[in-house]
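1. I'll drop the sequence and a predicted model, then ask my questions.
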Amino acid sequence: FSILPTYASLLLPGSQYFIVIRVLRVLRVFRVFKLVQYMGEASTLTRALKASRRKIIIFLMTIMTLVIIFGSLMYVIEGVKNGFTSIPRSIYWAIVTMTTVGYGDISPKTNMGQVLASIIMILGYAIIAVPTGIVTSELSRAGQKEVTTQACPECMAHGHDVDAVFCKFCSARLNSDMS
């Protein structure tokens, strides 16, 4: 319905009165304010990313090292005559291949080069899986509530939330010194 005023102004003479209706479409911009309700989830994701920052940096450094090794190895295997004119260009090829982009501007011609390319392509899936697993682990850790190690004085049940006042199993009042 939001495009009707535009077409009506083209088809109907004297339809400049539809400009008022077009102005009402500007109100759709305020839908953005509905996104505020997701700020809690965004902060959880940000905390998980910050918590996994060191692991991700180590992973990226490992990937950079592998890219340099594989790029240099491909330069040695394929050589200048097959399009791998320099080590930086071969490293570029390794990055493009490992990230599963695969532009196709350079491709290995020899059997050894194709075997190495296959290994790099399969390794490329780890680039997606490993950081995803790291961040997912931190997200699930952020979602877990901290629990106490002390038991309820009535039913001896364990696993109460830190801020719990009553036992979640028997409803007995918990000791105030539980931690």
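-> It's in. What you see is a predicted model; the values in this text were computed from it and never measured.

2. right, and the secondary structure at residue 102 would be what?
-> Recorded secondary structure, residue 102: coil (DSSP: H, G, I helix; E, B strand; the rest coil).

3. so where's the chain shaky on pLDDT?
-> Scanning the chain with the threshold set as pLDDT under 70 gives 1-10, 12-23, 145-146, 176-179.

4. Outline the domain layout of it.
-> Dividing the chain into domains by automatic domain parsing, as the record does, gives the ranges 4-38, 52-143, 146-179.

5. what about those domains, which gets the closest to residue 45?
-> Closest to residue 45 of the domains of the chain, according to C-beta to C-beta: domain 52-143, at 7.0 Å. Heads up, the C-betas are built off the backbone N, CA and C, glycines and all.

6. what's the straight distance from one end of the closest one to the other?
-> Using C-alpha to C-alpha, to the nearest Å, the gap from the first to the last residue of domain 52-143 comes to 15 Å.

7. same question, stretch 137-149
-> Across stretch 137-149, the terminal residues are separated by 23 Å (C-alpha to C-alpha).

8. Pipe the domains of the chain into JSON lines and attach mean neighbour count per row.
-> Output for these, formatted as JSON lines (neighbours: other C-beta atoms under 10 Å):
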{"stretch": "domain 4-38", "mean neighbour count": "10"}
{"stretch": "domain 52-143", "mean neighbour count": "15"}
{"stretch": "domain 146-179", "mean neighbour count": "13"}
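
9. and the residue positioned nearest the centre of the chain, what are its phi and psi?
-> Note on the chain: the residue nearest the mean C-alpha position is residue 132, at 6.4 Å, using C-alpha atoms, centre = their mean. Backbone geometry at residue 132, expressed as degrees, to the nearest 10, gives phi -60, psi -40.

10. Tell me where the protein has strands.
-> Secondary structure of the chain (DSSP state E): no strands located.

11. give the contact list for residue 34.
-> Residue 34 makes contact with no residue under the criterion C-beta atoms under 8 Å, 6 or more residues apart in numbering.

12. Could you do residue 117 as well?
-> For residue 117, the contact set (C-beta under 8 Å, 6+ apart) comprises 74, 97, 107, 108.
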